[in-house]
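Visitor: with the input below, show me the fold.
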Amino acid sequence: MLLGGTVEGRWATPREWEALLVKSRFKAVTAPFNCLTPRDEIDAYREICDRHGVLIAEIGVWRNLFDPDPGKAAEALDYAKGQLALADEIGVECCVNIAGTASDAGWDAADRSNFTPETYGRIVDSVREIIDCVRPKRACYALEPMPWMVPDGPDEYLQLIRDVDRAQFAAHMDFVNMINCPRRYLAPEAFIEDCFRKLGPYIRSTHIKDTRMHPTNLTALLEECSPGEGTLDYEEVLRIMDRWLPAGAPVLLEHMTTFEEYAAAYDYVAAAADRAGVAV
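Guide: Now for the predicted structure:
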């Protein structure tokens with residue numbers, strides 16, 4: 001697998017980004033550009049990645065297709081189509097977003113409407129519209145799982161794939177986001193194995209991090225954290241991923257806020273992989 005993440009730090013040009021990329025040691029990255037970036041800049045970033053043997057693993061959308069403001073929702077839909085079209089044009093396999101929410105509390109908020117039949121229908125229709133409009137040949141559109149938003153588990157993701165019924169709809173793996181209850185938290189290896197066993201053929205990109213639960217807080221309080229700061233046995237987690245992912249699959253650290261935090265997380269995962277006998 002190719003261990004990487006988002007290149008963090010201060011940069012204003014592709015050359016400055018390149019220096020951070022080399023220092024990061026990443027073998028796979030999220031795209032440092034989008035469909036609104038000038039083409040010469042996109043080409044410069046791609047050339048840098050090619051020269052250093054780094055895979056651009058995914059292009060993110062990260063906008064709310066169901067924003068309660070119709071204008072913003074329409075803009076988000078157009079942007080998702082533009083991101084998927086760019087991914088397909090330049091050969092990035094995964095264009096990823098979250099499903100969306102009608103909440104006015106934030107683009108990724110928990111909301112009572114998130115699990116209603118009406119919202120599920122909107123999710124299916126929006127994914128179909130994006131794929132049918134772009135008609136990608138190489139890139140796939142995918143939804144990152146969320147604790148409080150469809151898809152929130154492997155069975156729900158499989159059902160969504162069946163219901164969308166489009167060859168270019170794939171899975172984006174984030175098992176920590178689906179560890180959303182004590183039952184999954186207290187038997188994480190079995191749950192993670194289940195995620196990869198069921199979704200493995202559809203996975204185009206994977207996010208990794210860690211999780212911890214406050215054991216005396218009622219009700220349950222689960223908190224995302226960097227690898228090594230939670231309770232996951234990363235040697236076993238990496239063995240599971242190695243069993244189910246193809247060689248060269250991207251595995252991306254996420255949600256650190258500084259270059260140094262990414263470096264520490266990379267060191268931790270790389271050391272665990274070495275102990276587990278997993279090549280990263």
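Visitor: in three-state terms, how would Asp267 be classified?
Guide: Classification of Asp267 using DSSP: H, G, I helix; E, B strand; the rest coil returns helix.
Visitor: so where do the strands sit in the stretch 151-280 of the chain?
Guide: Assigned by DSSP state E, counting those that start in this stretch, the stretch 151-280 of the chain shows strands spanning 169-173, 203-208, 210-213, 222-225, 250-253.
Visitor: with mean pLDDT, mean neighbour count and distance to Ile130 added, can I get those in JSON lines?
Guide: For the C-beta atoms, the positions are set from N, CA and C on the backbone; glycine is no exception. Shown next, in JSON lines, are the strands of the stretch 151-280 of the chain (pLDDT from 0 to 100; neighbours: other C-beta atoms under 10 Å; distance: least, C-beta to C-beta, whole Å):
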{"stretch": "strand 169-173", "mean pLDDT": "98", "mean neighbour count": "25", "distance to Ile130": "9"}
{"stretch": "strand 203-208", "mean pLDDT": "98", "mean neighbour count": "24", "distance to Ile130": "15"}
{"stretch": "strand 210-213", "mean pLDDT": "97", "mean neighbour count": "18", "distance to Ile130": "30"}
{"stretch": "strand 222-225", "mean pLDDT": "96", "mean neighbour count": "16", "distance to Ile130": "27"}
{"stretch": "strand 250-253", "mean pLDDT": "98", "mean neighbour count": "24", "distance to Ile130": "22"}
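Visitor: between those, which one is closest to Glu58.
Guide: Nearest to Glu58, of all the strands of the stretch 151-280 of the chain, is strand 203-208, at 4.5 Å by C-beta to C-beta.
Visitor: can you list the helices and strands that the closest one packs against?
Guide: Counting contacts by 3 or more C-beta pairs under 8 Å, 6 or more residues apart in numbering; DSSP states H and E, strand 203-208 packs against strand 55-60, strand 94-97, strand 140-143, strand 169-173, helix 175-178, helix 234-244, strand 250-253.
Visitor: with only the CA atoms kept, save it in CSV.
Guide: Provided in CSV are the C-alpha atoms of strand 203-208 (Å, rounded to 0.1, in the frame of the first residue of the first chain):
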residue,chain,number,x,y,z
ILE,A,203,-12.6,0.7,-2.5
ARG,A,204,-10.7,3.4,-4.4
SER,A,205,-9.1,5.3,-1.5
THR,A,206,-8.8,4.8,2.2
HIS,A,207,-8.4,7.4,5.1
ILE,A,208,-6.8,6.3,8.3
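Visitor: now it against helix 234-244, angle please.
Guide: Orientation of strand 203-208 against helix 234-244 (axes from the mean of the first three to the mean of the last three C-alpha atoms, to 10 degrees) gives an angle of 180 degrees.
Visitor: which strands border strand 203-208, and is each parallel or antiparallel?
Guide: When pairing is defined by DSSP bridges, strand 203-208 lines up against strand 169-173 (parallel), strand 250-253 (parallel).
Visitor: what's the closest of the ones you listed to Ala270?
Guide: Smallest distance to Ala270 across the strands paired with strand 203-208 (C-beta to C-beta): 10.5 Å, for strand 250-253.
Visitor: one step back: out of the strands paired with strand 203-208, the one nearest Tyr79 is which?
Guide: Between Tyr79 and these, the shortest separation by C-beta to C-beta is 17.4 Å, and it involves strand 169-173.
Visitor: residues making contact with that closest one?
Guide: For strand 169-173, contacts defined as C-beta atoms under 8 Å, 6 or more residues apart in numbering pick out 58, 94, 96, 127, 131, 140-145, 157, 161, 195-196, 199, 202-207.
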